[in-house]
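Asks: pasting the sequence and the predicted model now:
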Amino acid sequence: ASVLIAVLIGVPLGVIASSSPTLERIVLVVTGIAQTIPSLALLAMLIPLVGRIGTLPALIALVTYALLPIVRNTCVGLAGVAPGLRGAALAIGLTPRQRLAAIDLPLAAPVIIAGVKTAAVVSVGTATIAAFIGAGGFGERISVGLALNDHAMLLAGAVPAAGLAVLTQWFFDALERRWMRAPTGR
């Protein structure tokens, strides 16, 4: 859910930011600063801001961490669209919005998907830390295993969390391969 929310925020934010070099720098600095805050510290700061522990502050933290790779890759992907293609779109009478939908975003999609993949894999790893604020998940088994020095409990959380991260990586690798094979003119 956090990655989906981050995509719904990050891709439009990247599109808007890519319209101006100054705006792009500002947006990338803000999302970069948010990502530099240690995850446990961010989770702890969100508890008083949100007014409770559990899933909501964890979701906000995961969305925050997922934004930078999505926004950055959206900006980079859009910057990689050839100026000649943009000129051709203008010449055939496409509006900026039509050009964005028909030319820019489809051509930038592989780079954007790579950013979403990074965000998703990071989110899986960071989500385990959310157990420390009552959000549950595999991190709960890891923290209980650590507290009790119970290796079986520790592995019961760590192995599935690692497996989920690897499966997430494979899913996005397959999505990227499929996107690259798809015919142009989608």
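Replies: That came through, no problem.

Asks: gap between residue 161 and residue 49?
Replies: According to Cβ to Cβ, to the nearest Å, residue 161 and residue 49 sit 26 Å apart. For the C-beta atoms, the positions are set from N, CA and C on the backbone; glycine is no exception.

Asks: ok, residue 139 next?
Replies: In terms of Cβ to Cβ, residue 139 sits 21 Å off from residue 49.

Asks: more neighbours: residue 161 and residue 49, which one.
Replies: residue 161 (19 against 8; other Cβ atoms under 10 Å).

Asks: what are the contacting residues of the helix or strand harbouring residue 32?
Replies: Using DSSP states H and E, residue 32 maps to helix 21-36. Under the contact criterion Cβ atoms under 8 Å, 6 or more residues apart in numbering, helix 21-36 has outside partners 13-14, 16-18, 42, 64-65, 67-68, 71-72, 75.

Asks: if you set the cut-off to 6 Å instead, what comes out?
Replies: For helix 21-36, the external contacting residues (Cβ atoms under 6 Å, 6 or more residues apart in numbering) are 17-18, 64-65, 67-68, 71, 75.

Asks: out of the residues you listed, which is nearest to residue 6?
Replies: Comparing those against residue 6 with Cβ to Cβ places residue 67 closest, at 5.4 Å.
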